[in-house]
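>>> Provided below for reference: sequence and predicted model.
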Amino acid sequence: MAFSSIRPQRSLVEEVCARIASEIRDEGGGGNGWLPPERDLALKLGVSRPVIREATKRLELQGLLEVKHGVGTKVVDKLHKPLNGSLALLVPDDKERLRQLIQVRFMLEPENARLAAENATPAQIRRLRAALKELEETTDFETAVEADMAFHRELAAASGNQIANLLLHSLAELIQTSLKHGYSRTSTDNAARQHAAVLNAIEKRDPAAAAKAMREHLITAEADLALPKDKKAA
């Protein structure tokens with residue numbers, strides 16, 4: 001006698017969360033819209049207002065909504081916030097966080113570059129080019145950090161992998177801290193040259209070269225940080 005596994009049904013709140021998230025995706029999910037008032041949304045979905053309240057609270061914690069009391073519930077694009085906010089608690093030592101960050105970037109970003117060489121649209125390549133141009137031309141420290149970060153964000157988006165893109169955004173504040181640490185010790189010249197090599201490979205639709213160029217860039221970024229190789233050496 002064969003038995004199939006039992007699939008537990010989602011709770012009503014989970015169903016409402018899924019429905020709201022689906023509607024937001026269908027509308028583009030850019031982060032500028034507002035949900036209908038709680039009473040109207042409850043009527044549309046055929047559930048009670050407490051269920052709507054709990055669902056919106058969960059989606060707010062996940063970074064998809066922002067409840068503005070007395071105003072309404074706004075659609076936002078902060079899906080990366082829950083992870084970002086927990087990093088300092090998980091790894092409290094500043095240098096250890098940066099050391100582990102660079103390890104994760106080696107895991108993630110060469111593959112982002114490889115996928116971008118396969119999937120980047122002309123518009124995404126133009127945005128990468130604009131970020132590179134700003135990095136090449138700026139002499140301002142803060143602008144250099146923002147331009148560098150913009151390049152890596154655009155690269156993640158150009159990969160076409162939404163999970164990889166979300167992961168990169170989740171790490172954005174820590175990556176910016178890392179960039180500031182590195183740029184405090186060196187110029188932007190190497191970063192600009194290496195970004196250009198990554199972009200050149202993407203424009204040529206050469207995935208292997210793009211991944212290799214990104215890996216070489218991260219090797220330089222790691223050296224610029226001058227961090228201990230492991231926690232024991234810190």
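Sure, I can see it. Numbering: from 1, shown residues only.
>>> which residue lies nearest the spatial centre of the chain?
Centroid-nearest residue in the chain: His169, 1.7 Å away (criterion: Cα atoms, centre = their mean).
>>> can you tell me the helix or strand for that one?
helix 162-170 (DSSP states H and E).
>>> and that helix, C-alpha only, in CSV?
Output of helix 162-170 as CSV, limited to C-alpha atoms (Å, rounded to 0.1, in the frame of the first residue of the first chain):
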residue,chain,number,x,y,z
GLN,A,162,16.2,37.7,-8.8
ILE,A,163,17.5,35.8,-5.8
ALA,A,164,21.1,36.8,-6.6
ASN,A,165,19.9,40.4,-7.0
LEU,A,166,18.2,40.3,-3.7
LEU,A,167,21.2,38.9,-1.9
LEU,A,168,23.4,41.6,-3.3
HIS,A,169,20.9,44.3,-2.1
SER,A,170,20.8,42.6,1.3
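>>> and that helix, what's its mean pLDDT?
Throughout helix 162-170, pLDDT has a mean value of 87.
>>> buried residues, the next helix or strand after it. List them.
Next in sequence after helix 162-170, counting helices and strands by DSSP H and E, comes helix 172-183. Using 16 or more other Cβ atoms under 10 Å as the test for burial, helix 172-183 gives 173-176, 178-179, 181-183. No exception for glycine: its C-beta is placed from N, CA and C like everyone else's.
>>> now those in TSV, with pLDDT?
Supplementary listing: these in TSV, determined by pLDDT from 0 to 100:
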residue	pLDDT
Glu173	82
Leu174	87
Ile175	90
Gln176	87
Ser178	91
Leu179	91
His181	88
Gly182	86
Tyr183	86
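>>> possible to save the residues you listed as CSV with distance to Glu137?
Compiled in CSV, the buried residues of helix 172-183 are given as follows (distance: Cβ to Cβ, whole Å):
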residue, distance to Glu137
Glu173, 25
Leu174, 26
Ile175, 21
Gln176, 20
Ser178, 22
Leu179, 17
His181, 23
Gly182, 19
Tyr183, 15
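>>> between those residues, which is nearest Val71?
Nearest to Val71, judged by Cβ to Cβ, of the buried residues of helix 172-183 is Glu173 at 26.5 Å.
>>> before we move on, back to that, from the chain's centroid, how far away is the helix holding His169?
Taking Cα atoms, centre = their mean, to the nearest Å, one finds the center of helix 162-170 at 3 Å from the center of the full chain.
>>> can you pull the buried residues of that helix?
Using 16+ other Cβ under 10 Å, the residues of helix 162-170 that count as buried are 164-165, 167-170.
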